[in-house]
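**Student:** Below are the sequence and a predicted model for it; my questions follow.
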Amino acid sequence: MLDGRDGDTKAEPTVPTAPVTYEVTGEGTADITYQGRSETGKASVVKAATLPWRQAVEVPLGQDPVVSIVLDSRGGQARCALTIRGQYVQSASTAGRFGRATCAGRLPRPDAPEN
């Protein structure tokens, strides 16, 4: 059966990744923005996430893993944390109405040698 494709189909390029875990602890809800699998740098957004929240993703090398939190109008307190390849990288805390915090790390470029 013909499917309309020619015989020279190319596989999608695969970019090496690194395991990243984002974690937000605290009470209440928060809007959370984080870098996921996107090779273009597009962030994922979770609106009104119930805390605590945790997400493990594979982030493409060359993209900087980042997680940002914004508390809602009721305020409260929250803490973000970031690990890359199982190693703690950064944490930050916030409190109060519309409090904000960001945790970020760095991944090497895919063509750079790792140390």
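**Tutor:** Ah, there it is.

**Student:** check contacts around P65.
**Tutor:** When contacts are counted by C-beta atoms under 8 Å, 6 or more residues apart in numbering, P65 touches V20, Y22, Y34, Q35, V59, L82, I84, V89, A104, G105, L107. All C-beta spots, glycine's among them, are computed from the backbone N, C-alpha and C.

**Student:** Could you do V59 as well?
**Tutor:** T17, A18, V20, Q35, G36, R37, P65, L107.

**Student:** didn't the fifth one look like it was pressed against S44?
**Tutor:** Yes. G36 is within contact range of S44, at 4.5 Å (criterion: C-beta atoms under 8 Å).

**Student:** quick revisit: can I get the buried ones among the contacts of P65 as something I can paste into PyMOL?
**Tutor:** To isolate the buried subset of those in PyMOL, counting by 16 or more other C-beta atoms under 10 Å, use the following:
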select buried, resi 20+22+34+35+59+82+84+89+105+107
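
**Student:** Now render the contacts of P65 as CSV, adding pLDDT and secondary structure.
**Tutor:** Conversion of the contacts of P65 to CSV gives the following (pLDDT from 0 to 100; DSSP: H, G, I helix; E, B strand; the rest coil):
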residue, pLDDT, secondary structure
V20, 96, strand
Y22, 97, strand
Y34, 95, strand
Q35, 90, strand
V59, 93, strand
L82, 96, strand
I84, 96, strand
V89, 95, strand
A104, 96, strand
G105, 95, coil
L107, 91, coil
